[in-house]
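Peer 1: I'll drop the sequence and a predicted model, then ask my questions.
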Amino acid sequence: MFDIQVLQGIEKPLNFTGGKRPSNKGIKHTAHLGSPQTQRVISNNDAATMQQSFPMNGGDGPHSYRNNSHFQRQDMNVSRTMIEEAIAKKLDVKCFSSNPFRLANLGCSVGPNTFIAMQHIVEAVERRYLVQGLKSEMPEFQVFFNDHVGNDFNTLFASLPTERRYFACGVPGSFHGRLFPESSIHFMFSSHALHWLSKVPEELLDKNSPAWNRGRIHYTSGPEEVSHAYAAQFEHDMEIFLSARAKELVVGGMIVFLILALPNGIPASQNPYGIMFDLLGSCLMDMAKEGLISEAQVDSFNLPIHLASPEQMTELVERNECLTIERMELVNSRSKLVGPINGKEYAMYLRAGLEGIFAQHFGSGIIDQLFDSFSKKIMESSHQLESGNKEGILLFVVLRRK
Ligand SMILES: C[S@@+](CC[C@H](N)C(=O)[O-])C[C@H]1O[C@@H](n2cnc3c(N)ncnc32)[C@H](O)[C@@H]1O
């Protein structure tokens, strides 16, 4: 009767003969990752798939991600040599027949970090073609910049480097679902994005559940049931992510990602991010005591962010039969995140990424006060942050499509 092709959040009805267009509400994209032709529905609209999306602060203002993402940039620079090594040793460009060479950055935000990463990767791939004796077959490059539909793509594209050596496209939609046609991408990269869950685990909001997260905004320092609910959501999301990427990568293609992490067996309460999330939660509880917000609002708010361990990530990748682990290791960030604490700088860093999610739940009126008090609290707790686990707060992962 009908066939709907939905690519990158755009629905295009094909051969639709009915009077009223059938709804695809309730159809889960995961069910169709390997489905036959008749079920070619790839709904990657965040609203349609019930996913939550909280883009970083857009624009170019004092609180924008663009002007407050140098910690992430420093982290990415730490892994630059590792990315180059992965391309030099593991990417066999001889087995790619198609031109152009297609790259994707998943969770790109607004730059400039994404441009720096894409430039480095293009250069490393070019070197690989030269080393493999394929100078005459040097491809053109096409970069797909992906993020949620609410990302500030205008700022992203307005600041594209003029000297770039690639063609640029935007791909709106969640990476917790299909984004590209089958076997179409040669290299994917994602930095500081995969720790975002597709949604807050439902049991956290159920007052009758042991995972009801009263008085906290994250699983750090919470009961075991809360951590388990977060871990289960992360596993569900990553399974979808990996299965979608396995479909989209060409054979021999590669995905490299950097994700916030915890070493095996280390509690989140010893991780700089865990400590900061607890501090943000206690700022909110102080505001509730002052009557600026209600305790019920704090009880019903949870940050959809999970810190993965290498053990957990290994298990998840191994469940996917199409991807092999080429390298996985914890990276010791050299960013200021583990150096001397500057409360204001930390507050600006977190605000650029989290303002949207707090404003949506508590209203934008509390934001200035929330991050002011966070910047004071973090100075008072700097000993805790400095003595926390500094080893490996990021996980560097290289996977290859079999
Ligand atoms: C901290 S920013 C990182 C941006 C950039 N990669 C960097 O390293 O500076 C995380 C980005 O991931 C995006 N993101 C989170 N979940 C996503 C999802 N499911 N699909 C696409 N993008 C997502 C956010 O919207 C945000 O722009």
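Peer 2: Right, received. Where do you want to start?
Peer 1: ok, the closest residue to the ligand within the chain - contacts?
Peer 2: Residue nearest to the ligand within the chain: Gly107 (2.8 Å; CB to the nearest ligand atom). Glycine gets a C-beta too; all of them are placed from N, C-alpha and C. Contacts for Gly107 (CB atoms under 8 Å, 6 or more residues apart in numbering) come out as 146-147, 175, 190-194, 196.
Peer 1: please redo it, this time with the cut-off set to 7 Å
Peer 2: 146-147, 175, 190, 193 (CB atoms under 7 Å, 6 or more residues apart in numbering).
Peer 1: pLDDT score for it?
Peer 2: With respect to pLDDT, Gly107 scores 97.
Peer 1: where does the residue lying closest to it once chain neighbours are set aside fall, secondary structure wise?
Peer 2: In space, Gly107 comes closest to Ala193 once its chain neighbours are excluded; the distance is 2.6 Å by CB to CB, 6 or more residues apart in numbering. In the assignment (DSSP states H and E), Ala193 maps to no helix and no strand.
Peer 1: and Ala193, how many neighbours?
Peer 2: Neighbour count for Ala193, taken as other CB atoms under 10 Å: 22.
Peer 1: which bits of the stretch 101-250 of the chain sit near the ligand?
Peer 2: Applying CB under 6 Å from any ligand atom, we find that the stretch 101-250 of the chain lies next to the ligand at 107-109, 113-114, 146-148, 151, 174-176, 191-193, 196, 198.
Peer 1: from those, which land in helices?
Peer 2: 113-114 (DSSP state H).
Peer 1: quick check, the residue nearest to Gly107 in contact with Asn105.
Peer 2: No. At 9.1 Å, Ala193 does not count as touching Asn105 under the criterion of CB atoms under 7 Å.
Peer 1: quick revisit: roughly how far apart are the residue of the chain closest to the ligand and Gly61?
Peer 2: 21 Å (CB to CB, to the nearest Å).
Peer 1: residues in contact with the nearest residue to Phe96 once chain neighbours are set aside?
Peer 2: Closest residue to Phe96 apart from its sequence neighbours, by CB to CB, 6+ apart: His186 at 5.8 Å. By CB under 7 Å, 6+ apart, the contact list for His186 reads 96, 101-103, 250, 253.
Peer 1: could you dump the helix or strand encompassing His186 to CSV, C-alpha only?
Peer 2: Assigning secondary structure by DSSP H and E places His186 in strand 185-191. The C-alpha trace of strand 185-191 is given here as CSV (Å, rounded to 0.1, in the frame of the first residue of the first chain):
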residue,chain,number,x,y,z
ILE,A,185,30.7,5.9,5.2
HIS,A,186,34.5,5.1,5.4
PHE,A,187,35.4,6.8,8.7
MET,A,188,33.4,8.0,11.6
PHE,A,189,34.5,10.1,14.6
SER,A,190,32.8,11.1,17.8
SER,A,191,34.2,13.1,20.6
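Peer 1: mind checking how far that strand is from the chain centre?
Peer 2: In terms of CA atoms, centre = their mean, to the nearest Å, the centre of strand 185-191 is set 12 Å apart from its chain centre.
Peer 1: cool, and stretch 215-235?
Peer 2: Taking mean C-alpha positions (CA atoms, centre = their mean), stretch 215-235 and its chain are 18 Å apart.
Peer 1: same question, stretch 141-150
Peer 2: That offset, for stretch 141-150, works out to 13 Å (CA atoms, centre = their mean).
Peer 1: buried set for it?
Peer 2: Buried positions in stretch 141-150, judged by neighbour count with 16 or more other CB atoms under 10 Å: 141-149.
Peer 1: pretty sure Ser309 contacts Asn264?
Peer 2: Yes. Using CB under 7 Å, Ser309 makes contact with Asn264 at a distance of 4.9 Å.
Peer 1: more neighbours: which of those two?
Peer 2: Neighbour totals were compared for Ser309 and Asn264, and Ser309 leads with 18 against 12 (other CB under 10 Å).
Peer 1: distance of that one from Asn271?
Peer 2: 11 Å.
Peer 1: for Ser375, same thing?
Peer 2: Separation of Ser375 from Asn271 (CB to CB): 20 Å.
Peer 1: farthest-separated two in the contacts of Gly107?
Peer 2: Asp147 and Ser190 (10.5 Å; CB to CB).
Peer 1: for the stretch 251-400 of the chain, what lies in contact range of the ligand?
Peer 2: Counting by CB under 6 Å from any ligand atom, the stretch 251-400 of the chain sits next to the ligand at Gly353.
Peer 1: ranges for the helices of the stretch 251-400 of the chain?
Peer 2: Along the stretch 251-400 of the chain, the segments classed as helices by DSSP state H, counting those that start in this stretch run 272-289, 295-299, 310-319, 343-362, 367-380, 382-387.
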